[in-house]
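Asker: 3D model of this:
(one chain, ligands or ions: 2)
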Amino acid sequence: RLKEWAKLKDAPSLSLNGEQFTIGANIGTPDDVKSVIDNGGEAVGLMRSEFLYMDSNELPTEDEQFEAYKKVVSGMNGKQVVIRTMDIGGDKHLPYLPLPEEMNPFLGYRAIRISLDRQEIFRTQLRALIRASEFGKLAIMFPMIATVDEFKQAKKIFEEEKSKLIEQMVPVGANIEVGMMMEIPAAAMIADKLAKYVDFFSIGTNDLIQYSFAADRGNERVSYLYQPYNPSLLRLIKNTIKYAHKEGKWVGMCGEMAGDQVAVPILMGMGLDEFSMSATSILQTRSLMRKLDTKKLSELANSALNAETNDDVIKLVKEFTQHNK
Ligand code: PEP
Ligand code: MG
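Answerer: Ligands and ions are numbered 1, 2, ... in the order given. Just a heads-up that it's a prediction; the model follows:
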């Protein structure tokens, strides 16, 4: 099977009936780009920028960040690269950036909440990103957006830094898309409102599941509540895709679920546009996609949305796959 998959390295990510999808990769550092290309990745759907902050003894400078982003963007040769702004807090801490002790760090001061509060850190990162946009196709996304106001504030700061750079005659890419992670249930419920302001959504299922089921993603005692196929979660995903498409915006997924072979048929049936996963899952997923007909998958997705439990949905997918071999 590895051999069969390898042949698909340069093949498009098409369904059996010719619908086009994009399969991208999640990366942590510029060195990961090679593996994305080697595995036939069509994009970087998520670059976690935290490594720049974690692998350092002080806040990374604008130039250090610029060099790292530029390496990724140019390494992808014009293919889209989505870089997420700093997602520190929760379980990720920086020795040189003391954060308050909190009872519930995952519900506390993290990600965009820190960026909007400590704007000097955020503005430095945005300038580095905007400068790197000149070298390829860069998109920026904000983590942990819960409300329309948060997105508008973050976008406004982005626009301010972009205008300043242009005023200073710094070269800037023509179309930098600006989107958000969809990983908080409250945000998914107002996808129709948010869709008016974003260029795209990227669904972060790791956190969306954690917050939907109120179950810490790292706590084994409650790990049975990690239920990616539960209709409740599928409905949040469906809502996100439906309203984004209504506004002509695209939707990706960069949580673990995007590379899950049981979830992929349902997600295709719901019309998800981009699947971003670990590079080593790309070819297997492309192979699966090419065997599936999206007309049948949309019926499968509807049945899944109307099922009762996570296990019921797994059964639906298994039966479907048996009948459509
Ligand atoms: C997610 O929450 O699904 C996600 C992709 O982000 P992270 O795993 O970095 O929180
Ligand atoms: Mg997340």
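Asker: Let me see the backbone angles for residue 232.
Answerer: When read as degrees, to the nearest 10, the backbone of residue 232 gives phi -60, psi -40.
Asker: can you check the one 10 residues further on too?
Answerer: Main-chain dihedrals, residue 242, degrees, to the nearest 10: phi -60, psi -50.
Asker: In a helix, residue 82, correct?
Answerer: No. Residue 82: not assigned to a helix; according to DSSP: H, G, I helix; E, B strand; the rest coil it is strand.
Asker: Checking the nearest residue to it once chain neighbours are set aside next. Helix, strand or coil?
Answerer: Once flanking residues are discounted, residue 82 sits nearest to residue 139: 4.5 Å by C-beta to C-beta, 6 or more residues apart in numbering. C-beta here means a position set from N, CA and C on the backbone, and glycine is covered the same way. Secondary structure assignment for residue 139 (three-state DSSP): strand.
Asker: list the contacts for residue 139?
Answerer: 80-83, 176-179, 199-200 (C-beta atoms under 8 Å, 6 or more residues apart in numbering).
Asker: Now rank those residues by neighbours and give me the top one.
Answerer: residue 81 (28 neighbours; other C-beta atoms under 10 Å).
Asker: any idea how far the residue of the stretch 51-200 of the chain found nearest ligand 1 is from ligand 2?
Answerer: At 4.7 Å from ligand 1, residue 183 is the closest residue in the stretch 51-200 of the chain, using C-beta to the nearest ligand atom. Distance of residue 183 to ligand 2, computed by C-beta to the ion, to the nearest Å: 5 Å.
Asker: I figured that residue was touching residue 201, is that so?
Answerer: No. With contact defined as C-beta atoms under 8 Å, residue 183 does not reach residue 201; the gap is 9.8 Å.
Asker: returning to what we had before: for the residue of the stretch 51-200 of the chain closest to ligand 1, the count of nearby residues, please.
Answerer: Residue 183 - counted by other C-beta under 10 Å - has 27 other residues nearby.
Asker: One more: residue 248?
Answerer: So residue 248, with other C-beta under 10 Å, has 8 neighbours.
Asker: Compute the distance between it and residue 202, please.
Answerer: 17 Å (C-beta to C-beta, to the nearest Å).
Asker: ok, now residue 302?
Answerer: 24 Å.
Asker: the more surrounded of these two?
Answerer: Remark: of residue 302 and residue 202, residue 202 carries more neighbours, 28 against 14, as counted by other C-beta under 10 Å.
Asker: tell me the phi and psi of the residue nearest to that one when sequence neighbours are not counted?
Answerer: Counting by C-beta to C-beta, 6+ apart, residue 252 is the residue found nearest to residue 202 once chain neighbours are left out, at 4.4 Å. Backbone dihedrals for residue 252, given as degrees, to the nearest 10, come out at phi -110, psi 170.
Asker: who touches residue 252 in this structure?
Answerer: Counting by C-beta under 8 Å, 6+ apart, residue 252 has contacts 22, 24, 45, 82, 200-203, 258, 272-276.
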